[in-house]
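[1] here is a sequence together with a model predicted from it:
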Amino acid sequence: MADTLAALRSLMASHSPPLNALIVPSEDYHQSEYVSARDKRRDFVSGFTGSAGIALISMNEALLWTDGRYFLQAAQQLSEQWKLMRMGEDPALDIWMADNLPKDAAIGVDPWCISVDTAQKWERAFAKKQQKLVPTARNLVDEVWKNQPPAETNPLIVHPLEFAGRSVADKLKDLRAKLVKEKARAIIITALDEVAWLYNVRGTDVSYSPVVHAFAIVTLTSAFLYVDKRKLSSEANSYMKENGIFVREYGDVSSDAVLLASDQLTPSSADKTPSGLNTETNCGKDTENGEIQTAELVNDLIWVDTGACCFALYLKLNADKVLLKQSPLALAKALKNPVEMKGLKNAHIRDGAAVVQYLAWLDRQMQEIYGASGYFAEAESMSMNKLKDLKRLTEVSASDKLEEFRASKEHFRGLSFPTISSVGSNGAIIHYSPEAETCAELDPDQMYLCDSGAQYLDGTTDITRTVHFGKPTAHEKTCYTAVLKGHISLGNARFPNGTNGYALDVLARTPLWKYGLDYRHGTGHGIGSYLNVHEGPHQISFRPSAQNVPLQVSMTVTDEPGYYEDGKFGIRLENVLIVKEGNTKFNFGDKGYLTFEHITWAPYQRKLIDVSLLVPEEIQWLNEYHCKCSEILAPYLNQSEMEWLKNATAPIAA
C-alpha cells in the first residue's frame, strides 16, 4: 500500500500541471455501483472493499469517505496510512478539499469515472479558492497497477421477449417520443442496466449484475451500441440488425460523441442498413421501428443524465446544447410491465423456497453439530466437546449451501450480490462480506443475519432474515420486535399518489425511535428484472434524494429496516414489495391511494418476537403472511422441509 501511494504521488508530481491531490472514485466508466475486477481501482489503492466510497490522495495524506453501511468495515480494512471520513458526520469530500488543499490547487481525476453532476458540484466548491478540477488524460491508478485484471470479453446475451415483456422497437418508440417532447435530437445512455434494458440484452461482465460493458446513443432516426465486437456472436449480430441497432466498437463512443455534438453522427457507409430500418423521410409519422422523422421538427438538444453520464463524454459536447436531466429510461425501467411483474413474483416464490430449505437445513446442522436448541426451542446450547469431530459451519460454508439450494431452481443465473452471512458482532457490519480465510464460525448462542439474493432469467431477488438457534436475550428480542414492527408498518402503509419514499421512511423507524434506536442506511431500494439488485430512480430513505421521484403503481421496492449494535449483533428484515393501487373507503382530493404487495416468502422467527410488544393488527398480519408462505411454497418443498415450514409458520396467539 505504501509503495502504491508513493508511485501515485510521483505521477502526480510529474503530471502537467502538477497535481496537489488525486481523487479515486469507486465507479467505472458507467457510474456503476458494482464494478468488474479491472475497475476496482479504489479497492486497489486503499484496501477497502466496500461497494461505496471515494479515496483522496494528497502529497501527505490519504483519506477515504464512505457511508454508514461501511463505517465498521472500513475501520477494519484501512491501514494506518489512511484516514476514515464518515459521510454524514465528517466534512464532505468537496468541502474538505476546498478547505484543506492550497489555493490554486490542481485536483486530478479520471473524467470517465465521475458523473457530470459530481464534477460540476466539485467545480462549484473549488471556485471559492480558485482551485481547479483537472481531468487526467489517463487513469493514474492504471499506470501503477501492475497486475490489473484484463477487460472482460464475455459474450453478449439476447434477453428473450418472453422474459423482457416489451420489444426493442416499442422501447425505442417511447424513448424517441420523449426526445421530441424535450426538444432533443439524441440521448447518450451510459448506465449499464439502461443499455441492457433498452436493447433487451444481458451479459456477465460485472459480477452479480447481468450487464455488458456498453454505451448507447439513440437519435431520432438511428440507434447505436458501443461494445467490444468480440462479445457478439453471429446470432447476436443478426439480432442487432433485425432491431435496427448499429454496432460500434466500445471506444468509438468518444469520437462519436464529438460527431454527435456537430450533428454529423450517422451510420457509416461501411455499416449495412439493418433489415427493417426505414431510412426514407416520412414527415410527421412514426416508422415501424419507432423512428421519429425530423424534417418539420426542431430538436437541437442532446440529452445527458447528470447522475449517470461520465464527465468525459459531457466535455465533448456543446454545453449550451445539452439537456441535463435524469434519463427517461430510469423511470421506464422501474415501472415493470406485466410480464416482468409475473416473472418477479415467480422468481421470488422459487427463491423463498430456497431460503426455507436453507433455514431448515441450517436448523438441523446447528442442533447436530453444536447441540443448539434450534430454530423453535429456547435453551442454552449443550457442551460441544462430544461434537468436536463433526465439521464446523462457517459464515462462508453456510452461505455456499444457500447458493446450492438456489442453483437448483429454474432459471437461476447466479447471485445478485455477495451474500451477507454474518454471526454475532459481524452482523453489526451492515454490508459485511465474509472471506473463507477469516470468517467466523457459526455460534448457536449468537444472532445470525443473512442478507442474500439471486439472479433468475425472470427476476432479481433480495431477502434478509435474522435468526437465533439458542436462547436470545430479552434485549435481542426487544430489538428484533422493534425492527419487525417497523417492517410491518411500512409494508402495510396506504398513501396518496404523489407520495415519495422520503415521506414513508419514518414508518419503518418509529418503533425503533421509541427506544432511542435507529439505523444508518436507507429503508428501501428498487430492484431490477434480471438486472441490478439496486435500482432507482425511487427509494425509501431519509436522504433528500428520496424526495425526487414519487412511488408509482408497478414499481418494486424493498422494505428493510434494521438495528446494529456495534461489537454485539445485527438485525435486518427485508422483503421485496410491489406498489399497487390501494383500496380505501374514501378518496380525499381524488388523488387515488397506493399500497404495497409483499412478494417475498420466508418466515420470521417466532422465538425472537416479543409478542407482548405487538398490537392485534400486527399479529393478524403475521399469521396471514405465514399462512400464505406455507401455501405458496408447499409445491417446492419435500415432506421434511414442509413439516419444518408448518412449525415455522404456526399461528401466533394474540
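    Sure thing, it's come through.
[2] mind listing the helices for the stretch 451-600 of the chain?
    Assigned helices in the stretch 451-600 of the chain, in chain order: 474-491, 501-513 (criterion: DSSP state H, counting those that start in this stretch).
[3] out of the ones you listed, which gets nearest to A169?
    The stretch from the helices of the stretch 451-600 of the chain with the least distance to A169 (Cβ to Cβ) is helix 501-513; that distance is 32.7 Å. All C-beta spots, glycine's among them, are computed from the backbone N, C-alpha and C.
[4] go ahead and confirm F588 touches P496.
    Yes - applying Cβ atoms under 8 Å as the test, F588 and P496 come out as touching, 7.4 Å apart.
[5] that older thread, of the helices of the stretch 451-600 of the chain, which is nearest E565?
    Taking Cβ to Cβ as the criterion, E565 comes closest to helix 474-491 out of the helices of the stretch 451-600 of the chain, the separation being 7.4 Å.
[6] strands along the stretch 451-600 of the chain, start to end?
    In order along the chain, the stretch 451-600 of the chain carries the following strands (DSSP state E, counting those that start in this stretch): 454-456, 459-460, 463-467, 495-496, 524-526, 535-540, 556-559, 562-565, 569-572, 575-581, 593-598.
[7] with adjacent residues omitted, what lies nearest to K121?
    Excluding the flanking residues, the one nearest K121 by Cβ to Cβ, 6 or more residues apart in numbering is D94, at 6.1 Å.
[8] cool, and I420?
    D451 (3.9 Å).
[9] look up the closest residue to the residue nearest the centre of the chain, ignoring the ones flanking it.
    Residue closest to the average C-alpha location in the chain (Cα atoms, centre = their mean): H534, at 2.2 Å. Excluding the flanking residues, the one nearest H534 by Cβ to Cβ, 6+ apart is H525, at 4.9 Å.
[10] give me the neighbour count for the one you found.
    Other residues near H525 number 23, with proximity taken as other Cβ atoms under 10 Å.
[11] check K585 too.
    K585 sits with 5 neighbouring residues when counted by other Cβ under 10 Å.
[12] what's the answer for the one 4 residues further on, then?
    For G589, the count of nearby residues is 9 (other Cβ under 10 Å).
[13] can you tell me how far the nearest residue to it once chain neighbours are set aside sits from K591?
    Computed as Cβ to Cβ, 6+ apart, the closest residue to G589 that is not its neighbour in sequence is P496, at 7.1 Å. Spatial separation of P496 from K591 under the definition Cβ to Cβ, to the nearest Å is 4 Å.
[14] repeat for S327
    The span separating S327 from K591 equals 27 Å under the rule Cβ to Cβ.
[15] and those two? Which one has more around it.
    Taking neighbours as other Cβ under 10 Å, S327 and K591 compare with S327 leading, 26 against 12.
[16] so where's the longest helix in the chain?
    If you go by DSSP state H, the chain has its longest helix at helix 338-370.
[17] helix or strand right after it?
    Secondary structure here is assigned by DSSP states H and E; on that basis, the next helix or strand after helix 338-370 toward the C-terminus is helix 395-407.
[18] which secondary structure elements does the helix or strand that comes right after that next one sit against?
    Proceeding C-terminally, helix 395-407 gives way to strand 412-415 as the next helix or strand, assigned by DSSP H and E. Secondary structure elements in contact with strand 412-415, counted by 3 or more Cβ pairs under 8 Å, 6 or more residues apart in numbering; DSSP states H and E, are helix 395-407, strand 454-456.
[19] what about the first one, average pLDDT?
    Averaging pLDDT along helix 395-407 yields 98.
[20] next: stretch 424-443.
    Taken as a whole, stretch 424-443 has an average pLDDT of 93.
[21] can you measure across it, start residue to end residue?
    Using Cα to Cα, to the nearest Å, the gap from the first to the last residue of stretch 424-443 comes to 8 Å.
[22] please apply the same query to stretch 245-256.
    Counting by Cα to Cα, the length from the leading to the trailing residue of stretch 245-256 is 15 Å.
[23] contact partners for the nearest residue to L613 once chain neighbours are set aside?
    Nearest in space to L613, with sequence neighbours left out and distances taken as Cβ to Cβ, 6+ apart, is T481 at 4.7 Å. With contacts defined as Cβ atoms under 8 Å, 6 or more residues apart in numbering, T481 is in contact with L608, I609, D610, L613, L614.
[24] extract the residue ranges of the chain that are flagged as low pLDDT.
    Along the chain, the model assigns pLDDT under 70 to residues 1, 269-298, 382-389.
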